[in-house]
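Chemist: all I have is the shape, not the residue letters:
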């Protein structure tokens, strides 16, 4: 039994931003990096399935990015994943999700997994695309936005709940191997102990070169800071003063 | 101009509102607008998409009773092959996420999702989306692509209105083996609270930090005469049920007053509350996206403000 988890190191922007000289991306000096929140749930789900099946099998984390991206992958390894594969791509943030899926597909195909998990989306780009594009490239069934998963390894089937808009649940039965995109809230991701974090440093991360990424599906022409709308009228002062104003506004608007 | 395909989204016999927003957005692309209805019984739905601005309706009858990704993929691919459109528009919705990227990948289309503005420059399309928690916007181009698929952010365009007189054409699609089959729909338990009818919502988010803090805000809401609602992280953590969740995967609300404490304002959350009468936001991050839609904002510790509010009600 093998589960591949595709993980992404996402970027967060602080209070300030500068763009690169070509104006097409954010200067990385202004970014902080972390493991994508959705991918922690995907990793946890993979680990729980393995535990349920008696601890047999392997959980492999695959990421595309530069060497720094291994930090995010180490988080998954510290949670309990067995090994990692990093597809070496510089400037991953500038790639469209279908190109990234092409890079991932070459590695995932070789692994021949029983299940492939991706996060529903990444926190920095919010395309919600890579997982389903990956399934297409692998010729596998897929289900997007999975909030509950019941995997029957022997029958090669997964019964999943998809979360539609407005809280309606779509119950789906999928053939496996399949690619599932995992929604937050499906489980409670474990915290890695200090010992596990130390051990994860010893786990193997294989580096591979990307194959042909094909023609990009989109090209960023320019990035810019959005013009603020009229914006909020800011309430300043002590918490007491702020509360006072809020109370006034609430009372005025409700009458 | 080969025109624009607008893919209708429907659920249990009802066309979803985003479909009419796509019709409005199609005008920003330019060219004739064709609404595509993929369904077991499309004729029951064509009336709902026959609005002003739709030139033609193309229907594809499929075997699946409800949405199934393999089935919808094959149907949409058949329509694209037949019509060779310049652009294909879908809502950025959970069902679109389940099949649109596969179509774009297979056919090598230009592609981007969560698009909130579209324009046409000569013969090329420019689309806008945001990055890094909506702190940065970007303009996207699609060089070398004859057809571009865009998934559009719900509530970014006004819905098309007025009745139309579109002709209806049937297109057939190859039948495919469905590898992910719809079994059932389940309603999430709603309990006895209805946040959609409340006039005053006190809404809390990730900023409250821990489960034990929830009780304090339930009490505060009571005192203030508000109904307590929450953003997604609170539901994900299991601290509140989905019935109280505001946002795309929760409820769309329009109270007179929406007081948001410790909510940063993810796009999906904003989609569910941005039309509220008066929005007041308290957050420690001065760059939080919620301040872009709020009428009043305070950069402050939500617990300190909550303690003071308690004394005033």
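Modeler: Right, received. Where do you want to start? Computed from a predicted structure; not experimentally measured.
Chemist: going forward, measure contacts between C-alpha atoms and count neighbours the same way
Modeler: OK.
Chemist: in the stretch 1-150 of chain A, what residue is nearest chain B?
Modeler: residue A:124 (4.4 Å; C-alpha to the nearest C-alpha).
Chemist: measure how buried residue 7 is and give me the count.
Modeler: Assuming you mean chain A. 29 (other C-alpha atoms under 10 Å in any protein chain shown).
Chemist: that's the wrong chain, I wanted chain B
Modeler: Neighbour tally, residue B:7, other C-alpha under 10 Å: 22.
Chemist: same thing with residue A:84?
Modeler: So residue A:84, with other C-alpha under 10 Å, has 25 neighbours.
Chemist: contacting residues for it?
Modeler: Contact partners of residue A:84, counting by C-alpha atoms under 8 Å, 6 or more residues apart in numbering or on different chains, are A:60, A:61, A:62, A:63, A:73, A:77, A:203, A:204, A:205, A:206.
Chemist: how does it look with 7 Å?
Modeler: A:60, A:61, A:62, A:73, A:204, A:205, A:206 (C-alpha atoms under 7 Å, 6 or more residues apart in numbering or on different chains).
Chemist: give me the secondary structure label for it.
Modeler: Of the three states, residue A:84 takes strand under DSSP: H, G, I helix; E, B strand; the rest coil.
Chemist: mind listing the residues bridging to it?
Modeler: Going by DSSP bridges, residue A:84 is paired in beta bridges with residue A:61, residue A:205.
Chemist: helix, strand or coil for residue B:239?
Modeler: coil.
Chemist: residues near it, how many?
Modeler: 15.
Chemist: need phi/psi at the closest residue to it other than its chain neighbours.
Modeler: Excluding the flanking residues, the one nearest residue B:239 by C-alpha to C-alpha, 6 or more residues apart in numbering or on different chains is residue B:211, at 6.0 Å. Torsion angles at residue B:211 (phi, psi; degrees, to the nearest 10) stand at phi -60, psi -40.
Chemist: residue B:240 is in contact with residue B:211, correct?
Modeler: No - with contact defined as C-alpha atoms under 7 Å, residue B:211 does not reach residue B:240; the gap is 9.2 Å.
Chemist: just want to know which of the two has more residues nearby.
Modeler: residue B:240 (18 against 12).
Chemist: name the nearest residue to that one, ignoring sequence neighbours.
Modeler: Nearest to residue B:240 is residue B:234, by C-alpha to C-alpha, 6+ apart, at 6.2 Å.
Chemist: ok, that neighbour touching residue B:206?
Modeler: Yes - with contact defined as C-alpha under 7 Å, residue B:234 counts as touching residue B:206 (6.4 Å).
Chemist: who has more neighbours, these two?
Modeler: Neighbours were counted for residue B:234 and for residue B:206 using other C-alpha under 10 Å; residue B:234 has more, 25 against 17.
Chemist: and that one, what element?
Modeler: Assessed by DSSP states H and E, residue B:234 sits inside helix B:232-236.
Chemist: check the gap between the residue nearest to residue B:239 and residue B:284 for me.
Modeler: 19 Å (C-alpha to C-alpha, to the nearest Å).
Chemist: can you tell me the closest non-neighbouring residue to the residue positioned nearest the centre of chain B?
Modeler: Centroid check for chain B by C-alpha atoms, centre = their mean gives residue B:154 as the closest residue, at 3.6 Å. The shortest distance from residue B:154 to any non-neighbouring residue, by C-alpha to C-alpha, 6+ apart, is to residue B:18 (5.7 Å).
Chemist: neighbours around that neighbour, how many?
Modeler: 24.
Chemist: I figured it hits residue B:92, correct?
Modeler: No - using C-alpha under 7 Å, residue B:18 makes no contact with residue B:92, being 8.9 Å away.
Chemist: got a list of contacts for the biggest strand by length in chain A?
Modeler: Ordering each strand of chain A by length in residues (DSSP state E) puts strand A:142-152 first. Contact with strand A:142-152 is made by A:120, A:132, A:135, A:157-163, A:178-183, A:185-186, B:94, B:97-98, B:180, as judged by C-alpha under 7 Å, 6+ apart.
Chemist: just checking, which of these belong to helices?
Modeler: A:132, A:135, B:94, B:97, B:98 (DSSP state H).
Chemist: among these, which one is most surrounded by other residues?
Modeler: residue A:132 leads these on contacts (other C-alpha under 10 Å) with 30 neighbours.
Chemist: residues in contact with that one?
Modeler: Applying C-alpha under 7 Å, 6+ apart, the residues near residue A:132 are A:142, B:98, B:101, B:102.
Chemist: how far away is it from residue A:119?
Modeler: 11 Å.
Chemist: then residue A:246?
Modeler: 38 Å.
Chemist: equivalent analysis for residue A:255, please.
Modeler: For residue A:255, the distance to residue A:119 - C-alpha to C-alpha - is 45 Å.
Chemist: just residue A:145 next, same as before
Modeler: 8 Å.
Chemist: okay, those two: which has more neighbours?
Modeler: More neighbours surround residue A:119 than the other of residue A:145 and residue A:119, with 30 against 24 (other C-alpha under 10 Å).
Chemist: what helices and strands are in contact with the strand or helix carrying residue A:10?
Modeler: Taking DSSP H and E as the criterion, residue A:10 maps to strand A:9-13. When contacts are defined as 3 or more C-alpha pairs under 7 Å, 6 or more residues apart in numbering or on different chains; DSSP states H and E, strand A:9-13 sits against strand A:31-35.
Chemist: the strand it packs on: how far from the chain's middle?
Modeler: 12 Å (C-alpha atoms, centre = their mean, to the nearest Å).
Chemist: relative to strand A:9-13, how tilted is it?
Modeler: Between strand A:31-35 and strand A:9-13, the angle comes out at 140 degrees (axes from the mean of the first three to the mean of the last three C-alpha atoms, to 10 degrees).
Chemist: so which elements touch strand A:31-35?
Modeler: So strand A:31-35, by 3+ C-alpha pairs under 7 Å, 6+ apart, packs with strand A:9-13.
Chemist: quick one: residue B:202 and residue B:262 touch, right?
Modeler: No - in this structure, residue B:202 is not within contact of residue B:262 by C-alpha under 7 Å, at 10.9 Å.
Chemist: still on that earlier bit, residues shared between the contacts of residue B:18 and residue B:92?
Modeler: residue B:154.
Chemist: buried residues in the helix or strand containing residue B:103?
Modeler: Secondary structure from DSSP H and E places residue B:103 in helix B:94-107. Applying a neighbour-count criterion of 16 or more other C-alpha atoms under 10 Å in any protein chain shown, one finds B:94, B:95, B:96, B:97, B:98, B:99, B:100, B:101, B:102, B:103, B:104, B:105 buried in helix B:94-107.
Chemist: could you check how far the last one is from residue B:304?
Modeler: Residue B:105 sits 50 Å away from residue B:304 when distances are taken as C-alpha to C-alpha.
Chemist: what does the stretch 1-150 of chain B have sitting close to chain A?
Modeler: Residues of the stretch 1-150 of chain B lying close to chain A by C-alpha under 7 Å from any C-alpha of the partner chain are B:94, B:97-98, B:101-102, B:105-106, B:109-114, B:131-133, B:135-142.
Chemist: which parts of chain B belong to which domain?
Modeler: Using automatic domain parsing, the domain parsing of chain B gives B:4-170, B:195-312.
Chemist: which of the ones in helices among the contacts of strand A:142-152 sits closest to residue B:292?
Modeler: In terms of C-alpha to C-alpha, no member of the ones in helices among the contacts of strand A:142-152 lies closer to residue B:292 than residue B:94, at 25.3 Å.
Chemist: distance check, the closest one against residue A:91.
Modeler: Taking C-alpha to C-alpha, one finds residue B:94 at 28 Å from residue A:91.
Chemist: got it, and residue B:97?
Modeler: From residue B:97 to residue A:91 the distance is 25 Å (C-alpha to C-alpha).
Chemist: ditto for residue B:22
Modeler: 33 Å.
Chemist: and these two? Which one has more around it.
Modeler: Neighbours of residue B:22 and residue A:91, each counted by other C-alpha under 10 Å, are more numerous for residue B:22; the result is 30 against 12.
Chemist: list the beta-bridge partners for residue A:4.
Modeler: In beta-bridge terms (that is, DSSP bridges), residue A:4 pairs with residue A:60, residue A:116.
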